[in-house]
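Enquirer: okay, predicted coordinates and the sequence, questions at the end:
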There are 2 protein chains.
Amino acid sequence: MTVQNSKKATIYDLSVLSGASASTVSAVLNGSWRKRRISTETAEKILSLAKAQRYTTNLQARGLRSSKSGLVGLLVPVYDNRFFSSMAQTFEAQARLRGLSPMVVSGRRDPEEERRTVETLIAYSIDALFIAGVTDPDGVHQVCARAGLPHVNIDLPGKLASSVISDNRNGAEVLTSAILRHAAQGGALVPDDVVLFGGHDDHASRERITGFHAAKNAFFGIESENDIEITGYSPRMTELAFERFFAREGRLPRCLFINSSINFEGLLRFMGRHDETVFNKIVAGCFDYDPFASFLPFPVYMAKPNISAMLEKGFELLEAAPVHPVVTTIEPQLIPPRTALEGPLDDIRDPVPASRIPASTS
Amino acid sequence: MTVQNSKKATIYDLSVLSGASASTVSAVLNGSWRKRRISTETAEKILSLAKAQRYTTNLQARGLRSSKSGLVGLLVPVYDNRFFSSMAQTFEAQARLRGLSPMVVSGRRDPEEERRTVETLIAYSIDALFIAGVTDPDGVHQVCARAGLPHVNIDLPGKLASSVISDNRNGAEVLTSAILRHAAQGGALVPDDVVLFGGHDDHASRERITGFHAAKNAFFGIESENDIEITGYSPRMTELAFERFFAREGRLPRCLFINSSINFEGLLRFMGRHDETVFNKIVAGCFDYDPFASFLPFPVYMAKPNISAMLEKGFELLEAAPVHPVVTTIEPQLIPPRTALEGPLDDIRDPVPASRIPASTS
DNA sequence: CATTTTTGCACAATCGATGGTGCAATAACC
DNA sequence: GGTTATTGCACCATCGATTGTGCAAAAATG
């Protein structure tokens, strides 16, 4: 029935086959045919022909002509941790819901690479860009602005473009309170028992440090100090920070605030080099959620940013296109230890057979 | 110095500015100018103009004309677990190394969605597709074949296209031996103590089950049976399988083989509903690597597929384009408990300040 | 029946880049 | 100095779709 043409059918092929002009075919296929007063009869003929020929629109051609591509970009620093990969997953779903094609790229925390990557996206004429967790937001912003590309910052403070961010201050305060309360059950605490690891001189870290101190000060009734170990967003540097602390103090702090899951991986490396007893009495809080981290041998509280709310708000901001940059703050959720939340995976239909099957022969 | 033109410069703009023809400008900018005997002088003039105007090639136009886009696709089932997100990360790096732009999409284990997603990629004229962990490889293959799209399967057995797969059989055998040896230190084992959870009726699962049984049979000297709990690749179903087992036996098996990190999340959910004592004596093996899983309160052995080798081989296969499908097998790596490997993250340069900074004032 | 309206569609320019071809002007050669 | 080679570039069709415009034929109107 269908011709197994090796090459893809175009509107011109359908034009010849249907006897209609290419512009008519185009109008029928892109849905604008009513506006163009094409008869239902003609439209139906062309549509069925298109189906038979397995026609699909060449989106490069459409994009070229209409100077929009249907692509939306998401720039993350890295994929391979639960925060950003889950963001990618949610982003993809939300983009498709809006009829857009998601393109996720990573800038690897390198300002130069961030800009290059975004320029590539722009070269593909993406329609909008979500910027999450970049090192140099303003650099990326400028690239976007020059290209007239609508963009929003996700989980970043943007002076130049609208942003949706987690309530880092309050989230950190709640998280810190939780680990303090938990740790206090194991005996009286002193301020030096409570230390924050990770982060950078960026907005999110500053806010979290502020929240951390607010909770600590409220708990102990005095101003805390010398309780922040800045490491950047790198597992290696975080590991070194833990080693330094351990060498100096002969133990870990009883209460650990870890700035992100990436920093948490630094703690994992430290753990790999030390006996389990080192971790007997600690309580950790981490700003980010990872289900496996939640079940580590010590209590781990986590603050889970509300990714889907942030992205949804991001899409709203793109549509509304406010004249002046707007900052929206979204509460993260406190996750108690030993919690395995459902995620995007759970929307997946998986045809599952009964249960036991007989042993296979090797 | 530079005109802050709101719209992007094209070769026509540069043509006017330079006095050269558009085709000359094009040749200069795409590097084919020597072949076209454009003088160095002219080339340099145009190049400097291009820089001043911040010219960037419109890749949709180029793609339309040359009927290739510079895009390579990677189809995964889901992003948000360490295996696939790490694959996405590695894929991006390798694609860029080859001058290509990566486009990662998820098919969410839905045959229909898989095909639709791939068709979208094809509509953007991607040049090649990597297919990883899809439910219906043959369906996707047909879509690709019809479009004449070169593709390889990653970690999937492909009858119709070339594939690169993990050595699931041997990997599972090694992994099973490891957990058996470890568990045996805690007292004599019987075959019923050793159970595999997860998987599907797919090639990878079958191979792993074969390897699992091979190791078990070698260890116990008898054929094992009734030791497989098929759950599909879904956390929820896996959780239920653990609950069923627990309800029946009053305990978990001492030796758990978990088919993938996604299934492992099912165990996490089970853990969230049960006391820590239930996990006191168990030893787990998981086919996949997740650094946080490696530090859970019980010993977790993991088999880490060699993602970068698989992808590299995939690119090679695409370039070589063998006449008949080729299957390449790559050994996974056994990762002992409490191991935090370095990953793609470690290539990231992160400008890190010294150490302690003074307490910030809230 | 003549005129106005409406219907249904075709024509052609356009998006930005590519690459085959052709043609002057200059250089090389006998 | 006349002829052949070479250099250096311009012209133009093309990729596949979109969209403003124009114009017959059919229908509605008086």
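Expert: Alright, I've got the coordinates. Since the structure is predicted, the reported quantities are computational estimates derived from the model, not experimental observations.

Enquirer: now the closest residue to A:Leu47 other than its chain neighbours: how far from A:Gly232?
Expert: Leaving aside its sequence neighbours, A:Leu47 sits nearest to A:Val28 (Cβ to Cβ, 6 or more residues apart in numbering or on different chains; 6.4 Å). For every residue, glycine as well, the C-beta is placed using N, CA and C. Using Cβ to Cβ, to the nearest Å, we find A:Val28 at a distance of 56 Å from A:Gly232.

Enquirer: one step back: and the residue nearest to A:Leu47, how many neighbours?
Expert: Neighbourhood size, A:Val28 [other Cβ atoms under 10 Å in any protein chain shown]: 25.

Enquirer: A strand includes it, no?
Expert: No: remark: A:Val28 does not belong to a strand; assigned using DSSP: H, G, I helix; E, B strand; the rest coil, it is helix.

Enquirer: which residue is the nearest non-sequential neighbour of A:Thr120?
Expert: In space, A:Thr120 is closest to B:Ser101, 5.8 Å off (Cβ to Cβ, 6+ apart).

Enquirer: what's opposite that neighbour in the beta bridge?
Expert: B:Ser101 forms beta bridges with B:Leu71, as assigned by DSSP bridges.

Enquirer: which residue ranges of the stretch 101-250 of chain A form helices?
Expert: Taking DSSP state H, counting those that start in this stretch as the criterion, the stretch 101-250 of chain A carries its helices at A:111-123, A:137-147, A:168-184, A:203-220, A:235-249.

Enquirer: okay, these in CSV with mean neighbour count and mean pLDDT next?
Expert: Formatted as CSV, the helices of the stretch 101-250 of chain A follow (neighbours: other Cβ atoms under 10 Å in any protein chain shown; pLDDT from 0 to 100):
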stretch, mean neighbour count, mean pLDDT
helix A:111-123, 20, 95
helix A:137-147, 19, 92
helix A:168-184, 22, 97
helix A:203-220, 22, 96
helix A:235-249, 19, 96
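
Enquirer: ok, stretch A:296-309 near chain B or not?
Expert: Yes: using Cβ under 8 Å from any Cβ of the partner chain, stretch A:296-309 reaches chain B at A:296-297.

Enquirer: what residues sit buried inside that stretch?
Expert: Within stretch A:296-309, the residues that qualify as buried are A:296, A:298-309, counting by 16 or more other Cβ atoms under 10 Å in any protein chain shown.

Enquirer: closest to chain B among those?
Expert: A:Leu296 (5.7 Å; Cβ to the nearest Cβ).

Enquirer: is it true that the closest one touches B:Pro291?
Expert: No: assessed by Cβ atoms under 8 Å, A:Leu296 is found out of contact with B:Pro291, at 11.0 Å.

Enquirer: hmm, back to that, in helices, which of the buried residues of stretch A:296-309 appear?
Expert: A:307-309 (DSSP state H).

Enquirer: which outside residues touch the worst-scoring helix or strand of chain A on mean pLDDT?
Expert: Least confident helix or strand, chain A: helix A:137-147 with a mean of 92, by mean pLDDT, DSSP states H and E. Applying Cβ atoms under 8 Å, 6 or more residues apart in numbering or on different chains, the contact partners of helix A:137-147 are A:75, A:107, A:111, A:114-115, A:118-119, A:122, A:129, A:131, A:134, A:150-151, A:153, A:156-161, B:4, B:8, B:54.

Enquirer: give me the buried entries from those.
Expert: A:75, A:107, A:111, A:114-115, A:118-119, A:122, A:129, A:131, A:134, A:150-151, A:153, A:156, A:158, A:161, B:8, B:54.

Enquirer: that older thread, can you add distance to B:Arg208 and give the helices of the stretch 101-250 of chain A back as TSV?
Expert: Shown next, in TSV, are the helices of the stretch 101-250 of chain A (distance: least, Cβ to Cβ, whole Å):
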stretch	distance to B:Arg208
helix A:111-123	37
helix A:137-147	43
helix A:168-184	39
helix A:203-220	41
helix A:235-249	30
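
Enquirer: for DNA strand D, what's its nearest residue on the stretch 151-300 of chain A.
Expert: A:His151 (22.9 Å; Cβ to the nearest atom of the strand).

Enquirer: again with the stretch 251-362 of chain A
Expert: Counting by Cβ to the nearest atom of the strand, the stretch 251-362 of chain A gets nearest DNA strand D through A:Glu319, at 18.8 Å.

Enquirer: on that earlier part again, residues in contact with the residue nearest to A:Thr120?
Expert: A:120, A:124, B:69-72, B:95.

Enquirer: at 6 Å instead, please
Expert: Residues in contact with B:Ser101 (Cβ atoms under 6 Å, 6 or more residues apart in numbering or on different chains) are A:120, B:70-71.

Enquirer: how about A:Leu311?
Expert: Here A:Leu311 is in contact with A:90-91, A:94 (criterion: Cβ under 6 Å, 6+ apart).

Enquirer: and which of those residues is nearest A:Ile179?
Expert: Checking the contacts of A:Leu311 against A:Ile179 with Cβ to Cβ, the nearest one is A:Thr90 at 27.3 Å.

Enquirer: the closest one belongs to a strand?
Expert: No: assigned with three-state DSSP, A:Thr90 falls outside any strand and is helix.

Enquirer: tell me how far it lies from DNA strand C.
Expert: Separation of A:Thr90 from DNA strand C (Cβ to the nearest atom of the strand, to the nearest Å) stands at 33 Å.

Enquirer: thought A:Met310 was touching that residue, still the case?
Expert: No: contact criterion Cβ atoms under 6 Å: A:Thr90 and A:Met310 do not qualify, at 8.9 Å.

Enquirer: these two: which is more packed in?
Expert: Taking other Cβ under 10 Å, A:Thr90 and A:Met310 do not tie; A:Met310 has more neighbours (25 against 21).

Enquirer: which residues touch that one?
Expert: Here A:Met310 is in contact with A:154, A:164, A:330 (Cβ under 6 Å, 6+ apart).

Enquirer: and A:Pro150, by the same measure?
Expert: A:Pro150 makes contact with A:128, A:318 under the criterion Cβ under 6 Å, 6+ apart.

Enquirer: and if you look at A:Ile38?
Expert: Counted by Cβ under 6 Å, 6+ apart, A:Ile38 has contacts A:24, A:27.

Enquirer: element containing it, please.
Expert: Under DSSP states H and E, no helix or strand contains A:Ile38.

Enquirer: could you report the distance from it to chain B?
Expert: 23 Å (Cβ to the nearest Cβ, to the nearest Å).
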